[in-house]
Structures are given as C-alpha cells and as structure tokens.
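In: Show me the folded form of this:
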Amino acid sequence: MIKPIDENIDHNIAQRGSLFILSSPSGAGKTTLARRLLEEDDNISMSVSVTTRMPRPGEVDGQDYRFVDEATFKDFVKTDQLLEWAQVFDNHYGTPKVAVMDKIEAGQDVLFDIDWQGAQQLRQHTGQDMISIFVLPPSRDELERRLVSRGQDDAEIVAKRMAQAANEISHWAEYDYVIVNKDIETSVSQLKSIVTTARLQRERQTGLAEFVRHMIGG
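Out: Numbering: from 1, shown residues only. Presented below is the predicted three-dimensional model:
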C-alpha cells in the first residue's frame, strides 16, 4: 500500500474529507497532476463524472466516466441527483451527489477534474468542504504544443480548445490556489502541499476537540 502524503497527520483523529477541485484549460496538465496525486495518496479518490460524450480509446465506463445518453442525463438533472453539471462544447458533464458526500462524511477526500462552471456550482452546494486549484500553462504557445502533441483531437478541435482557453483562464482569480505548470515534478510537489495544508486545518479535523479534551484530562 502506498503511504499517505501527510505522514505528519495523526490519522487516529477523526477527519472530514475535502473536495479538491482541479481546473485548467485543456492541455495545461491537470490530468497528469491528478493521476500522480491519486497514485501517491490512498486517502483520495477521483470523482467519476457522468457524461453524454462518447468514450475515448482506453476509457472504461464507471472508472473514467459513467457514459450515459442525453435522456438519462436530463433525468439526473431533473431529479436533483447531481452536485453540478455543465455543457462543454456539445456534451454534458455532471457530478453524482450521493457518492461524493458519503465519502466526505466518512473522512475521505475526493478529487475533481472539472471546469470553472462546475467549480462555481460545487462551491454553492458544498461551501467549506471545497478547496479549488487552477492549473495554468507556462505560455499560450506551450499550451497549443501540448494539445497538438497528445494527438487526441483533430486540428479543428484543437482550434476550438485554444479559442476557449482564454475564457477559461479568465476565471483563475475565483480559485483558492493557482499552480503554473512549468515543470511537472514541481507542480506535483505544490499540489501535495495544498492537500496537506487543507487536511491540517482545524475545521477538517473533526475529532480534534475530543482528542484535546482527553489530553487535558490526563
């Protein structure tokens, strides 16, 4: 088992989980950062969004996304089963409510790879449970190079993503933390520091008062 990042935290003290939001323009590196964090911390899991888009090669239903048709997605919205949802290009994405909040109550952290629209909605529904992080590319030229080099989208889609990037980046000031992803190892280290800081907040350590009472009582 991979050891938790925060070895300095006493995990015998009851914790309330947090929702960690990672947002960025496509190609800035948030997916790589998310994968590294998940690999190196066994107390955080990825939120599995529902989406109406088609699976990409290698994606697994229920693991990467839950792939549904548009009628099913609309039913989720109508019956208030989503914490947030948004339309990105021609597809819809959303976050199931019950699964996420059950983990938070159990003291487990949940990681989200969503855009600024989803982050705004989550803030309204989850309040202090949410910590938001925006990932910036080192330059516009580097962002375009990354989009082209990963080979997932054709030239038309790359052009659309570049056109959308300015709008997405304009929301950077709405986030609690900002990482400029020049070097992946540095950015991973910064992301880990944010997670550790959040877990050490007094409000997240829900068992701290009881722990201190026992300490004072001898």
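In: who's the residue most central in space within the chain bridged to?
Out: For the chain, the residue nearest the mean C-alpha position is Phe112 (2.1 Å; CA atoms, centre = their mean). Taking DSSP bridges as the rule, Phe112 bridges to Ile21.
In: Identify the residues contacting it.
Out: For Phe112, the residues meeting the contact criterion (CB atoms under 8 Å, 6 or more residues apart in numbering) are 19-22, 47, 95, 118, 122. Quick note: C-beta positions are derived from backbone N, CA and C, even for glycine.
In: at 10 Å what do you get?
Out: 19-23, 34, 46-47, 49, 83-84, 95, 100, 118-119, 122, 130, 132-133 (CB atoms under 10 Å, 6 or more residues apart in numbering).
In: Can you check the pLDDT for it?
Out: Per-residue confidence at Phe112 stands at 93 (pLDDT).
In: next one: the worst-scoring helix or strand of the chain on mean pLDDT to chain centre, how far?
Out: Between all helices and strands in the chain, the lowest mean by mean pLDDT, DSSP states H and E belongs to helix 140-150, at a mean of 74. Using CA atoms, centre = their mean, to the nearest Å, the distance from the centre of helix 140-150 to the centre of the chain it belongs to is 22 Å.
In: what comes into contact with that helix?
Out: Applying CB under 10 Å, 6+ apart, the set of residues contacting helix 140-150 from outside is 24-29, 31, 136-137, 139, 153, 155, 157-159, 161-162, 165-166, 169, 181-182.
In: Buried only: go through these for me.
Out: Under a neighbour-count criterion of 16 or more other CB atoms under 10 Å, the subset of these counted as buried comprises 24-29, 136-137, 153, 158, 161-162, 165, 169, 181.
In: Show me the two of these that sit farthest apart.
Out: Leu136 and Asp153 (20.3 Å; CB to CB).
In: residue ranges of the strands in the protein, please?
Out: Listed in chain order, the strands of the chain (DSSP state E) span residues 19-23, 44-46, 50-51, 66-67, 82-88, 91-96, 109-113, 130-136, 177-180.
In: any weak-confidence spans in the chain?
Out: Regions of the chain meeting the criterion pLDDT under 70 cover residues 1-11, 149-154, 218.
In: coming back round to it: which ones among the buried ones among the contacts of helix 140-150 lie within helices?
Out: Among those, the ones falling in helices (DSSP state H) are 158, 161-162, 165, 169.
In: Could you single out the nearest of those to Phe67?
Out: The nearest member of those to Phe67, counting by CB to CB, is Arg161 at 20.9 Å.
In: how about the closest one, what does it touch?
Out: Remark: with contacts taken as CB under 10 Å, 6+ apart, Arg161 is in contact with 25-27, 89, 143-144, 147, 153, 168.
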